[in-house]
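[1] make a model of this:
(chains A and B)
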Amino acid sequence: MSNAFIAFQKNDESRCIVEAILEDNPNAMVDDQPSMVKIDVPNRLVIKRETVSEKMGREFDLQELQLHLITISGNLDETDDEFTLSWNN
Amino acid sequence: MDMKVAKKLGLKERYALMTRDLAWDTTYQKMEDVFPQTTYEGIKIHDWDKWEDPFRLTMDAYWKYQAEKERKLYAILDGFNQNNGHLSVTDARYINVLKLFLGSTPPLELMAARGFSMMGRQMNGAGPRVACQMQAVDEYRHFQTQIHSISNYNKYYNGMDEFAHQQSRMWYLSDGKSFFDDAITAGPFEFMVAIGFAFEYVLTNILFVPFISGAAYNGDMAAMTVGFSAQSDEARHMTLGLECIKFMLEQDPDNLPIVQRWIDKWTWRGTRKLASVGMMMDYMLPKRIMSFKEAWEMYVEENGGALFKDLARYGITIPKCFSQTIEEKEHVSHQSWIGFYMKPQATPFHTWIPTPDEMDWLSEKYPNTFDQYYRPVLEFFDAQEKAGNRFNNQTAPMNCQVCVSTMKFNEPGDPMEMCFRESIYNGEKFHTCSDHCKEIFDNEPEKYSQTFISSHQVLQGNCEPDGTDTSAPDFKPGQDMLGYWKLDKRALGDFNGSEDQKNFAAWREQATKN
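    Numbers count the residues shown, from 1 in each chain, chains lettered A, B, ... in the order given. Have a look, this model is predicted:
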């Protein structure tokens, strides 16, 4: 099983996004590095719009992830409600 | 009065309407005449509409988010420059990594912008055309922002002002140039594998992630904001490269052997290009966050391994070179740094011997190789320098005909033996640095026999400053290489005793005392 991962620039918005990921992906592992944060989840990582909105206290559009993203790993699927990275192995 | 409010379109519908629905098949001219380049590589495509960008990014959203990225980036850059950012980096050695980055990276971003503009024209399907067009604009943005981020340093330190002139001429910039020249002169699908997969997935994941995190750790907010802002686009670029590979494999089983050969070739070419990034991480960052070896394991071995396992369902196998790249991760950064250290009169950046505690860090990070093979060399050079005999290799390097790296890599399994391979083509002998570069050469000898190798061109009198009279009786080829390269003499030589070293110390003193 491989890890899907995503990395963000460290800022206030991405802090909420990371909190949301940790809530929705119980197996998530956080790797804190200078000015960036990388989150690995075995096989499948999901970011839910609703959870991020709740953490931020405002409506959140998943396409806003573009602003904070650094890198991703896994096959991507993005809809209005979920941003998913997964490996078929 | 009741108003009927139209429901906001979902992401999938919006993407379909704004990409595919705005495209059409031509009728006055045949489609194959309008898109003539997508067939000659042998790739068979039956349904271009099967290609979908998983980000489902439409042009309107693209402009909105990119504009926001630019605003953030330039606000940080202004703040950093206004606050004497060039004095807040860890120490003046750090600035040399920017000189190397400036010569090697922005010109390649510009080539990527050209390449993706061509792809945005040549791909038959609207999905890939839109994604390639966005990538072309991104690459142009990277080229510009990288130069802007370094322009403030250029006001204070030596060796940065002639990077554009040096791009096509400097011996050590040839490997990156050849990577892109090779890709852009291939067909459109091979270009997508070369850049979308090998360059984005293998290379930028190290250059713009752990290396840039390291730049931030060394106090360079300019490199940090530019690097991460670029990499936020790269996530999209990697996705495009991967989608292209999956699309080719899903469209026709006959595509498999072609795609496999490209993956094998470009994984290796990407690996060779990474040797100098390794040296930037292990030797040029005064404060380090992780070794090149650790970054390689995280972003290439594990991440690349996950991808190859994922593609196994289409019949893709792990590239033949992969085991050799794993062996080399313990060697290449040291071999690169020693190679550059030995040529103090031929680069616009300074080199140095790591301090004793930096050598100890390298021993800890490279327990299998550093003390055994590389520490003794560095300590010997150090003793020679202290005795007033700083090593200076003034000969022209020998280069690989394919990757154009200087010959410095070891024989697989034998770190004490240099690796050389050769092939005969049209009665002429061509040299390569490894089995994998030799295989690439042997597969397309007509292409690689034409590689521009500056050490050969020098001897033919093709590397002279403008206005040189090559028919003069006392003309000697390569008599004025510094003039040909436009190398600033102040930027040459060892870091110890350099003008940058003195200025940085004096200015920092002024910045902290009255």
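[2] who's in contact with the residue of chain A found nearest chain B?
    Chain A approaches chain B most closely through A:Ser2 (3.3 Å), counting by Cβ to the nearest Cβ. (C-beta placed from N, C-alpha, C; glycine too.) By Cβ atoms under 8 Å, 6 or more residues apart in numbering or on different chains, A:Ser2 lies in contact with A:42-43, A:74, A:87, A:89, B:302, B:305-306, B:309-310.
[3] ok, residue 33 - contacts?
    Using chain A. Counting by Cβ under 8 Å, 6+ apart, the residues that A:Gln33 touches are B:210, B:213, B:289.
[4] what residues of the helix or strand harbouring the second one count as buried?
    What that stands for is B:Ser213. When secondary structure is defined using DSSP states H and E, the element that contains B:Ser213 is helix B:210-217. Along helix B:210-217, the positions that meet the burial threshold by neighbour count (16 or more other Cβ atoms under 10 Å in any protein chain shown) are B:210-217.
[5] same question, stretch B:106-126
    Buried residues in stretch B:106-126, defined by neighbour count with 16+ other Cβ under 10 Å: B:106-113, B:115-120, B:122-126.
[6] hmm, the helix holding B:Ser213 in reach of chain A?
    Yes: for a cut-off given as Cβ under 8 Å from any Cβ of the partner chain, helix B:210-217 has contacts with chain A, namely B:210, B:213-214, B:216-217.
[7] what's next to that helix, contact-wise?
    Here helix B:210-217 makes contact (Cβ under 8 Å, 6+ apart) with A:33-36, B:97, B:223-224, B:227-228, B:231, B:277, B:280-281, B:285, B:287-290, B:294-295, B:298-299.
[8] and if we set it to 6 Å?
    Here helix B:210-217 makes contact (Cβ atoms under 6 Å, 6 or more residues apart in numbering or on different chains) with A:33-36, B:223-224, B:227-228, B:281, B:285, B:287, B:289-290, B:295.
[9] hmm, back to that, tally of neighbours for the nearest residue to the residue of chain A closest to chain B once chain neighbours are set aside?
    Computed as Cβ to Cβ, 6 or more residues apart in numbering or on different chains, the closest residue to A:Ser2 that is not its neighbour in sequence is B:Ala306, at 3.3 Å. Applying the criterion other Cβ atoms under 10 Å in any protein chain shown, we find 20 residues in the vicinity of B:Ala306.
[10] next to chain B, which bits of chain A? Give me the list.
    On the criterion Cβ under 6 Å from any Cβ of the partner chain, chain B has as its neighbours in chain A the residues A:2, A:9, A:33-36, A:63, A:66-67, A:69-73, A:76-80, A:87-89.
[11] which among those residues end up buried?
    Among the residues of chain A next to chain B, the ones that count as buried by 16+ other Cβ under 10 Å are A:2, A:9, A:33-36, A:63, A:66-67, A:69-73, A:76, A:78, A:80, A:87.
[12] so which of the residues you listed are in helices?
    Nothing among these maps onto helices, per DSSP state H.
[13] among these, which are in strands?
    Judged by DSSP state E, those include A:9, A:33, A:36, A:69-73, A:76, A:78 as members of strands.
[14] identify the farthest-apart pair in these.
    With distances taken as Cβ to Cβ, the most widely separated pair in these is A:Gln33 and A:Glu78, at 24.9 Å.
[15] what is the burial count for B:Lys476?
    B:Lys476: 9 surrounding residues under other Cβ under 10 Å.
[16] quick one: it from B:Ile263, how far?
    Plainly put, B:Lys476 is 45 Å away from B:Ile263 if you go by Cβ to Cβ, to the nearest Å.
[17] please apply the same query to B:Met192.
    B:Met192 sits 12 Å away from B:Ile263, going by Cβ to Cβ.
[18] surely B:Phe340 touches B:Thr351?
    Yes: with contacts counted by Cβ atoms under 6 Å, B:Phe340 reaches B:Thr351, the gap being 5.3 Å.
[19] now A:Phe83. Its backbone dihedrals?
    The main-chain torsion angles of A:Phe83 are listed as degrees, to the nearest 10 and equal phi -120, psi 110.
[20] tell me which helix or strand the closest residue to it other than its chain neighbours sits in.
    Distances taken as Cβ to Cβ, 6+ apart place A:Ile47 nearest to A:Phe83, at 4.2 Å, with adjacent residues excluded. Taking DSSP H and E as the criterion, the element that holds A:Ile47 is strand A:44-48.
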